[in-house]
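Enquirer: show me how the following folds:
(chains A, B, C and D)
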2 protein chains.
Amino acid sequence: MADTGQGSKKKRKTGAPERMDIRTIARFANVSIATVSRTINRVPTVNPKIAKRVWEVIEELDYFPNTQARALVSGRSWILGLIVSEITNPFFPELIQGFEDIAVEHGYEILVSSTNHDPKRMSHCIRRMLERKVDGVAVMTFGIEAPLLEQLAQRKVPLVFIDVGPDGPGINVLKVDYRHGIRQGVQHLAALGHRKIAFLRGPMGLHSAQSRLDAFSESMRECGITPDPAWILQGEHTLEGGMAAMQQLLAAKNMPTAVMCSNDMTAIGVLHTMYRAGLRVPDDLSVIGFDNIHMAEVTIPPLTTVQMSRFDLARAAVTALRACAEATEKPTQKREYSIQTDLVVRESTGFPKGTMKELRKKRPAKK
Amino acid sequence: MADTGQGSKKKRKTGAPERMDIRTIARFANVSIATVSRTINRVPTVNPKIAKRVWEVIEELDYFPNTQARALVSGRSWILGLIVSEITNPFFPELIQGFEDIAVEHGYEILVSSTNHDPKRMSHCIRRMLERKVDGVAVMTFGIEAPLLEQLAQRKVPLVFIDVGPDGPGINVLKVDYRHGIRQGVQHLAALGHRKIAFLRGPMGLHSAQSRLDAFSESMRECGITPDPAWILQGEHTLEGGMAAMQQLLAAKNMPTAVMCSNDMTAIGVLHTMYRAGLRVPDDLSVIGFDNIHMAEVTIPPLTTVQMSRFDLARAAVTALRACAEATEKPTQKREYSIQTDLVVRESTGFPKGTMKELRKKRPAKK
DNA sequence: CTGAAAGCGCTAACAA
DNA sequence: TTGTTAGCGCTTTCAG
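Expert: The predicted model follows:
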């Protein structure tokens, strides 16, 4: 009777814990729902004494606001989307972890999707994110098709890409300096005496794969070596791709003395194929990877690879997205985010076979 | 004027694409919003002709319903939570992938969180899921602390656990038959002539880790071998844990001839430590893993391991959650979900050193 | 079979 | 500084 008239739709047992909403808090704290809302949102004009009382009730009743309602009215979901190529490539979980940590730290939830390089899936992904009204999307696929991209851009969701992306308001691009790490890799190889260096590239059409290859070719020329097109093969960024490419190399008459891979998975595939062939790394072939996934420390032998910080990548992505999402009108001047790469030398690289054999480094038996 | 009276809050330029909501669709299709809603939700009583018209308008305008609003009123978010221990252990991404695929297939979005075995994180995770009003949570951590669990259970969210969990309505447990695969592993080892078999267990307190160890001990006894407590070490389910444990084993006077690991990461750590020590697998030590992650195919040597299907796990989890979430009142009789495990023999296992040397299998040089 | 209208829980004007 | 109130976009009785 004294009820405000809201439908007592369900049972209403005595003492039964009633619907936990902002109204309940308001009633218990003897204030209006507006005040509760303001308290929760830390609007500074709330009387501290009252705020304290409200917080106490909130604690007491273990209340938390309904995200859906909040999102509905405010237009912000506090969800950030993250699209990756393949969650099963260890590079990405490490990235996702960082992204989650940083996003959560700032009050966001994340929606992760793996496209497996399938445009259909990618499209579906984007659609799902749009439906969930994400406040921004990080497209960490190292490449994306133009049409899909438009699908996103047109809805004017803040976006962040790696390497390349269209220009526009709310669109950010994280520039990765592949050159630095890859050049170090090539120079490292050259310094050891390698001239016959193959490159196992990533998928065609992937922008980052192309960038890595370009960085390789250029670095080679810097070192006075002309890259041989016959030694540029498809590694597909997968274990299987690496194995297949290495088999091709093995089958050819002219073998390189070193191979650089577009990512660590490919390199691990190479290592395995060498093992299968009864050949030794680095004695018979030097191998360099790219990414420096955790596993690279324990491959046999441990992998020399180019490190790209997933944490930096994650942080830059979240930062960029937040900057857009939380921008107060002003189209903040676009910040440049740049990610460094660096060579990590382990034990999969050595002198080319037959040369300077006398100098060949003895590997210590124990760590 | 003829307007329904809704605030024309913002600009209203002629021809400017107006707010895309259910009302717009209703207007274009000349029906009420209720009819549009029914059409979208495929309520069978809608006149097919009208439905068709509505769908056309929807297509035309590329409309999709606002998930937040829908969730707010219906009380269902169509989001499933997935809590895993460590996303950086390759077992989990493979699981997540399956979970995502199956969930999306049924119209759900997923919220993944990685706890890193940290109870604080786990608690925070659960809180976040509750706040987002998930329709169910799959706790795939292979172990969980009781208090946290209550936090979830009390909110009566449908839950699914692995191995063990509290009893209650809406709480499901996926039973994994560790015994089968592990017994096969022990028998395989025993058949090769091993009697000195170590076990590298997972984290203390992790229920599944205990189950795996129990299965091991029991299988050993079945084979007439008494497991030696000195050979049961902590592998922690990590690369580093595996390496450390193996080093301990190496330092001890009495070496086992084989070691079973509680997961593949541990086994890979073992492989690496053996390599570091200049010892060979399986010649000097046989190694068996658990999980059969993709990478296990390309370790050096390829890992003999116990396979547990992440896909089955994922499917069972989603199925169980859906059954609860979509249950129409009736507390559906609890279904039993059971997951099989099986040994996959590769090349990390062989005859124990010194015995039956003459029989030692020649490994083919090529695949 | 269809439409009108009452909210879902919350935020944000606008008043007081 | 606080309260009142009008929606956010949708589902769902309840009439027609």
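Enquirer: okay, strands next: where are they in chain A?
Expert: With DSSP state E as the criterion, chain A has strands at A:79-84, A:109-114, A:136-140, A:159-162, A:171-176, A:197-201, A:232-234, A:258-261, A:286-291, A:304-308, A:337-339, A:341-344.
Enquirer: can you say which of those is nearest to DNA strand D?
Expert: strand A:79-84 (16.0 Å; C-beta to the nearest atom of the strand). Where C-beta positions appear, they are placed from N, C-alpha and C, glycine not excepted.
Enquirer: tell me the gap between the closest one and the middle of its chain.
Expert: Mean-position distance between strand A:79-84 and its chain equals 9 Å (C-alpha atoms, centre = their mean, to the nearest Å).
Enquirer: hmm, back to that, redo the strands of chain A as CSV? Include distance to chain B, mean neighbour count and mean pLDDT.
Expert: Shown next, in CSV, are those (distance: least, C-beta to the nearest C-beta, whole Å; neighbours: other C-beta atoms under 10 Å in any protein chain shown; pLDDT from 0 to 100):
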stretch, distance to chain B, mean neighbour count, mean pLDDT
strand A:79-84, 9, 25, 95
strand A:109-114, 6, 23, 95
strand A:136-140, 14, 27, 92
strand A:159-162, 19, 25, 89
strand A:171-176, 21, 20, 90
strand A:197-201, 15, 27, 98
strand A:232-234, 18, 18, 97
strand A:258-261, 14, 32, 98
strand A:286-291, 13, 30, 98
strand A:304-308, 16, 25, 97
strand A:337-339, 20, 16, 90
strand A:341-344, 16, 20, 98
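Enquirer: right, and those - which one's nearest residue B:173?
Expert: strand A:109-114 (26.1 Å; C-beta to C-beta).
Enquirer: using PDB, list the CA coordinates for the closest one.
Expert: Extracted as PDB, the C-alpha positions of strand A:109-114 are listed here (Å, rounded to 0.1, in the frame of the first residue of the first chain):
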ATOM      1  CA  GLU A 109      35.600  -4.800 -19.700                       C
ATOM      2  CA  ILE A 110      37.000  -6.400 -22.900                       C
ATOM      3  CA  LEU A 111      35.400  -8.400 -25.600                       C
ATOM      4  CA  VAL A 112      38.000 -10.600 -27.400                       C
ATOM      5  CA  SER A 113      37.500 -12.200 -30.700                       C
ATOM      6  CA  SER A 114      39.700 -14.300 -32.900                       C
END
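Enquirer: listing partners with orientation, what would you give for that strand?
Expert: Strand A:109-114 sits in its sheet next to strand A:79-84 (parallel), going by DSSP bridges.
Enquirer: so the partner strand versus strand A:136-140, what angle?
Expert: 10 degrees (axes from the mean of the first three to the mean of the last three C-alpha atoms, to 10 degrees).
Enquirer: who touches strand A:79-84?
Expert: Here strand A:79-84 makes contact (C-beta atoms under 8 Å, 6 or more residues apart in numbering or on different chains) with A:92, A:95-96, A:99, A:103, A:108-115, A:122, A:125-126, A:129, A:132-141, A:317-318, A:321.
Enquirer: make it 6 Å
Expert: A:92, A:99, A:103, A:108-114, A:125, A:129, A:134, A:136-141, A:321 (C-beta atoms under 6 Å, 6 or more residues apart in numbering or on different chains).
Enquirer: do the same with stretch A:121-137
Expert: By C-beta under 6 Å, 6+ apart, the surrounding residues in contact with stretch A:121-137 are A:76-77, A:79-81, A:83, A:113, A:115, A:148, A:151-152, A:155, A:157-159, A:321, A:325, B:64, B:67.
Enquirer: once you drop chain neighbours, what's closest to residue A:39?
Expert: Ranked by C-beta to C-beta, 6 or more residues apart in numbering or on different chains and with sequence neighbours excluded, the top spatial neighbour of residue A:39 is residue A:54, at 4.3 Å.
Enquirer: would you agree the one you found is in contact with residue A:41?
Expert: No. Between residue A:54 and residue A:41 there is no contact under C-beta atoms under 6 Å: 11.5 Å.
Enquirer: of these two, who's got more company?
Expert: Using other C-beta atoms under 10 Å in any protein chain shown as the criterion, residue A:54 and residue A:41 rank with residue A:54 on top: 24 against 11.
Enquirer: distance check, the more buried one against chain B.
Expert: Distance of residue A:54 to chain B, given as C-beta to the nearest C-beta, to the nearest Å: 18 Å.
Enquirer: residues touching that residue, list them.
Expert: Applying C-beta under 6 Å, 6+ apart to residue A:54 gives the contacts A:29, A:36, A:39.
Enquirer: the last one against residue A:46, yeah?
Expert: Read that as residue A:39. Yes. Taking contacts as C-beta under 6 Å, residue A:39 lies within contact range of residue A:46: 5.4 Å.
Enquirer: so if I had to pick from the two, which one is more boxed in?
Expert: For residue A:39 versus residue A:46, neighbours defined as other C-beta under 10 Å are more numerous around residue A:39 (23 against 20).
Enquirer: now do the contacts for that one.
Expert: Counting by C-beta under 6 Å, 6+ apart, residue A:39 touches A:46, A:51, A:54.
Enquirer: what's around the second one, how many residues?
Expert: Spelled out, that is residue A:51. By other C-beta under 10 Å, the residues close to residue A:51 number 20.
Enquirer: report pLDDT for it.
Expert: Residue A:51 carries a pLDDT value of 95.
Enquirer: now do the first one
Expert: The pLDDT attached to residue A:46 in the predicted structure is 94.
Enquirer: wait, it touches residue A:38, no?
Expert: Yes. Using C-beta under 6 Å, residue A:46 is in contact with residue A:38, at 5.0 Å.
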